[in-house]
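# quick check, what structure comes out for this input:
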Amino acid sequence: MSDQKSPVNFLYLGGDKCGSTWIWHILNQHPDVALATAKEIFYFDRFYDKGPDWYRRQFPDETNATRIGEICHDYLYSEVALQRVAHDLPQDSRFLVTVRDPVSRCVSHWKYLRKIGRTTASFEDALHQQPQIIEHSLFGKHVQNAMRHLGKDRVHVLDFGQLRSDPHGFGRAMSEALGIRFMDTLSYDDRILEAQAARSPMLVGLLRNSGWAVRRLGLPGVVSKVKSSSLVSKILFTSDAGSNPAAPKAQTLEDLQNRFGPDQALLANILVSKGTG
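From the prediction side, this is the model:
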């Protein structure tokens with residue numbers, strides 16, 4: 001993309017389990033924003049070999065939008081993706097990161113992994129078997145790295161807690177970060193449900209793997225439509241409380257809170273130095 005100016009000038013970098021689906025839902029309604037045809041193209045980390053023309057085809061051909069971009073919660077955790085973004089996107093680009101309480105994010109991540117059939121383990125066992133659960137909650141580390149690659153002034157940090165308690169205020173902060181109008185009429189009060197339980201984790205895992213093959217064929221929009229289908233969700237998942245796993249142990253949660261202390265202090269210092277703390 002370096003030999004021809006990219007039309008893309010904003011990305012949601014991460015984190016995962018931090019409101020990316022809600023952000024996608026809201027920005028899809030905004031007249032100043034043009035999103036990719038699917039949430040999560042994964043171009044800069046998984047499909048960069050498809051080339052810049054392939055990536056451009058994932059966006060509207062003609063638009064008068066102020067911001068054109070993609071919502072992809074994995075870029076924050078990929079060193080090579082951040083390097084590619086820094087190289088390919090124009091200097092006026094803006095990048096969004098949402099942070100949340102690291103322990104609650106870990107729990108949400110674990111529930112999601114159970115939902116998609118990646119683990120059947122308890123929370124305590126999953127922490128050892130799936131190191132990304134903890135790694136993806138190290139917001140200080142990852143925000144600092146994103147700013148190092150992309151520039152402190154271009155990376156805008158939003159608070160998931162505000163999304164939960166004051167979605168209109170979160171929408172206003174997001175609009176300011178992107179340099180677009182705040183539209184008070186958008187459906188900010190819509191709630192995106194947390195991970196449900198899979199009726200058949202094996203089937204969900206199989207469909208998920210098939211989804212990656214469909215993405216590689218250049219059809220991420222198909223995957224997005226299937227994932228957002230209420231009928232598919234009803235077939236694959238259940239909200240039956242009897243399907244819920246045992247809750248994490250209180251001591252485990254306390255130990256995690258202590259473990260994240262230094263990284264949370266780093267994040268606080270970053271936000272103070274940026275003037276948003």
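
# going by C-alpha atoms from here, please, whenever you check contacts or count neighbours.
Will do.

# center of this protein - which residue?
His73 (2.6 Å; C-alpha atoms, centre = their mean).

# and for that residue, nearest residue in space, chain neighbours not counted?
Gly14 (3.8 Å; C-alpha to C-alpha, 6 or more residues apart in numbering).

# what's the spacing between the one you found and His136?
9 Å (C-alpha to C-alpha, to the nearest Å).

# check contacts around the residue nearest to His73.
By C-alpha atoms under 8 Å, 6 or more residues apart in numbering, the contact list for Gly14 reads Ser20, Cys72, His73, Asp74, Tyr75, Leu76, Tyr77, Leu96, Val97, Thr98.

# in helices only, show me these.
Ser20 (DSSP state H).

# related to what we said a few turns ago, mind pulling up the pLDDT for the residue nearest to His73?
The model reports Gly14 with a pLDDT of 96.

# about what we covered before: which one of the contacts of Gly14 sits closest to Asn9?
Leu96 (11.4 Å; C-alpha to C-alpha).

# beta-bridge partners for the closest one, please?
Tyr12, His156 (DSSP bridges).

# doesn't Val155 make contact with it?
Yes. Counting by C-alpha atoms under 8 Å, Leu96 touches Val155, with 6.0 Å between them.

# neighbour count: the two, which is higher?
Val155 (25 against 21; other C-alpha atoms under 10 Å).

# residues contacting the residue lying closest to that one once chain neighbours are set aside?
Excluding the flanking residues, the one nearest Val155 by C-alpha to C-alpha, 6+ apart is Phe95, at 4.8 Å. Contacts here follow C-alpha under 8 Å, 6+ apart; on that basis Phe95 touches Phe10, Leu11, Tyr12, Leu13, Arg154, Val155, His156.

# mind putting those into TSV with distance to Phe123?
Shown next, in TSV, are the contacts of Phe95 (distance: C-alpha to C-alpha, whole Å):
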residue	distance to Phe123
Phe10	35
Leu11	31
Tyr12	28
Leu13	26
Arg154	36
Val155	32
His156	31
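
# out of those residues, flag the one nearest to Asp255.
Leu13 (27.9 Å).

# check the offset of whichever strand or helix holds Gly161 from the chain's centre.
Gly161 belongs to helix 160-165 when assigned by DSSP states H and E. Relative to the mean C-alpha coordinate of its chain, helix 160-165 is positioned 15 Å out (C-alpha atoms, centre = their mean, to the nearest Å).

# how about that helix: buried residues?
For helix 160-165, the buried set under the neighbour-count rule, 16 or more other C-alpha atoms under 10 Å, comprises Phe160, Gly161, Leu163.

# I'd say the last one and Ala173 touch.
I take that to be Leu163. No. Contact criterion C-alpha under 8 Å: Leu163 and Ala173 do not qualify, at 9.9 Å.
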